[in-house]
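**Student:** Need coordinates for the following:
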Amino acid sequence: MEEEGPTKIGPRRMLNETQVLGIIPVSRTTLYRMEKSGRFPQSTYISPNRRVWF
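**Tutor:** Next comes the predicted model:
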């Protein structure tokens, strides 16, 4: 029997800055301040100019 609901683990999505700012209604500067203070998950660089959040 396959498990359903919030305990089911699936693939993680990578969201770019535009997608994150579309979900979280804050400015770009506020997003980086929240990240620095630990109130928002850290981003990851997947290439030198490409930053994503999981």
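**Student:** those strands in this protein, which residues are they?
**Tutor:** Remark: strands assigned in the chain by DSSP state E are 44-47, 50-52.
**Student:** List of residues touching the first one?
**Tutor:** Under the criterion Cβ atoms under 8 Å, 6 or more residues apart in numbering, residues 14, 51, 52, 53, 54 lie in contact with strand 44-47. To be clear about C-beta, it is placed using only N, CA and C from the backbone, and glycine gets the same treatment.
**Student:** and those residues, which two are the farthest apart?
**Tutor:** Largest separation among these by Cβ to Cβ: 51 and 54, giving 11.5 Å.
**Student:** of the two, who's got more company?
**Tutor:** Counted by other Cβ atoms under 10 Å, residue 51 and residue 54 do not tie: residue 51 has more neighbours, with 14 against 10.
**Student:** What is the neighbour count of the residue nearest to the more buried one when sequence neighbours are not counted?
**Tutor:** Leaving aside its chain neighbours, residue 51 sits nearest to residue 43 (4.9 Å; criterion: Cβ to Cβ, 6 or more residues apart in numbering). Counted by other Cβ under 10 Å, the residues lying close to residue 43 total 17.
**Student:** And residue 16, by the same measure?
**Tutor:** Residue 16 is flanked by 14 other residues according to other Cβ under 10 Å.
**Student:** list the contacts for it?
**Tutor:** 50, 51, 52.
**Student:** Tell me the spacing between it and residue 9.
**Tutor:** Distance of residue 16 to residue 9, given as Cβ to Cβ, to the nearest Å: 23 Å.
**Student:** contacting residues around the longest helix anywhere in the chain?
**Tutor:** Longest helix in the chain, counting residues (DSSP state H): helix 28-37. With contacts defined as Cβ under 8 Å, 6+ apart, helix 28-37 is touched by 17, 20, 21, 24, 26, 40, 41, 42, 43.
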